[in-house]
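*Asks:* kindly return the folded structure for what I paste below:
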Amino acid sequence: MKSESPNPNIEPQSAWPKWLRRGQMENVATALIAAGVLMMLQPFMMVLFTYSFVTTLAGVVMFTIVSKFPE
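*Replies:* Take a look at the predicted model:
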């Protein structure tokens, strides 16, 4: 005899906190990549250009790691 849950639409609880799920963190990483590119392309402040590569790289590394997280 199979024991089925009373409501099949409810997903099982994950041990991961909600703020560490893939969807939100991928959006943060994408925004970080976009911010880094905009920092690189702006002609006004040298300090933004200086940190643009590090910001873009941090976003790419974050996206790579977060893409392994559960949904």
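*Asks:* how close does residue 67 get to residue 30?
*Replies:* 11 Å (C-beta to C-beta, to the nearest Å). The way it works is simple: take the backbone N, C-alpha and C, and place the C-beta from them, glycine included.
*Asks:* neighbour count winner among those two?
*Replies:* residue 30 (14 against 11; other C-beta atoms under 10 Å).
*Asks:* could you check how far that one is from residue 69?
*Replies:* From residue 30 over to residue 69 the distance is 14 Å, taken as C-beta to C-beta.
*Asks:* and the residue nearest to residue 55 when sequence neighbours are not counted, what's its pLDDT?
*Replies:* Excluding the flanking residues, the one nearest residue 55 by C-beta to C-beta, 6 or more residues apart in numbering is residue 36, at 3.6 Å. Note on residue 36: pLDDT of 96.
*Asks:* is it correct that residue 36 is in contact with residue 52?
*Replies:* Yes - the criterion here is C-beta atoms under 8 Å, and residue 36 meets it with residue 52 at 5.2 Å.
*Asks:* neighbour count winner among those two?
*Replies:* More neighbours surround residue 36 than the other of residue 36 and residue 52, with 21 against 18 (other C-beta under 10 Å).
*Asks:* quick one: that one and residue 21, what's the gap?
*Replies:* 23 Å.
*Asks:* now swap in residue 57 and tell me
*Replies:* Residue 57 sits 23 Å away from residue 21, going by C-beta to C-beta.
*Asks:* please apply the same query to residue 48.
*Replies:* 31 Å.
*Asks:* try residue 28
*Replies:* To residue 21, residue 28 is 11 Å away according to C-beta to C-beta.
*Asks:* isn't residue 33 right up against residue 53?
*Replies:* No - between residue 33 and residue 53 there is no contact under C-beta under 8 Å: 11.5 Å.
*Asks:* which of the two has more residues huddled nearby?
*Replies:* residue 33 (18 against 12).
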